[in-house]
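>>> Have a look at this fold, sequence not included:
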């Protein structure tokens, strides 16, 4: 059984049509998939993570996303991303990103508390 693309949407198994209301993609292939699927817009992962996260919890301020190709940190204010950091290497850099982020968090916390962190 195979799936194929038709002008009106994806056709499922057994010739049953599925109405598609919205298609979105993220990641390194988002531009080409956006063209192929004729999406109304193509958004980066920072925006996608921010919108998805705040949809479920509007009070979230920090997002850490550890993916197969990179890792990201996003700072939100009123649901809007105001700062972000992302490692620039492949997944081999994910461990160092976590280590550097943890060290920064511990330094920040240690400066604001009388309890030593080790």
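Received, thanks. In this text, all values refer to a predicted model and were calculated from it rather than measured experimentally. Numbering: from 1, shown residues only.

>>> Next one: residue 73 from residue 45, what distance?
Between residue 73 and residue 45 the distance is 12 Å, computed by CB to CB, to the nearest Å. For glycine as for every other residue, the C-beta is placed from the backbone atoms N, C-alpha and C.

>>> for residue 86, same thing?
9 Å.

>>> Give me the common contacts of the two.
residue 72 (CB atoms under 8 Å, 6 or more residues apart in numbering).

>>> Residue 63: which element?
Assigned by DSSP states H and E, residue 63 belongs to strand 62-66.

>>> what's the next secondary structure element after that strand?
strand 71-77.

>>> elements contacting that next one?
helix 45-56, strand 62-66, strand 80-86, helix 94-111 (3 or more CB pairs under 8 Å, 6 or more residues apart in numbering; DSSP states H and E).

>>> Now render the ones you listed as TSV, adding mean pLDDT and distance to residue 31.
What follows is the helices and strands packed on strand 71-77, written out as TSV (pLDDT from 0 to 100; distance: least, CB to CB, whole Å):
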stretch	mean pLDDT	distance to residue 31
helix 45-56	90	13
strand 62-66	88	20
strand 80-86	92	18
helix 94-111	72	23
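
>>> Any chance of JSON lines for these, columns distance to residue 38 and mean neighbour count?
Formatted as JSON lines, the helices and strands packed on strand 71-77 follow (distance: least, CB to CB, whole Å; neighbours: other CB atoms under 10 Å):
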{"stretch": "helix 45-56", "distance to residue 38": "18", "mean neighbour count": "15"}
{"stretch": "strand 62-66", "distance to residue 38": "27", "mean neighbour count": "14"}
{"stretch": "strand 80-86", "distance to residue 38": "27", "mean neighbour count": "13"}
{"stretch": "helix 94-111", "distance to residue 38": "33", "mean neighbour count": "12"}
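
>>> closest one to residue 30 among the ones you listed?
Closest to residue 30 of those is helix 45-56 (CB to CB; 8.2 Å).

>>> about what we covered before: packing partners for the strand holding residue 63?
helix 45-56, strand 71-77, helix 94-111.

>>> What lies in contact with it?
45, 49-50, 53, 71-76, 94, 98, 101.
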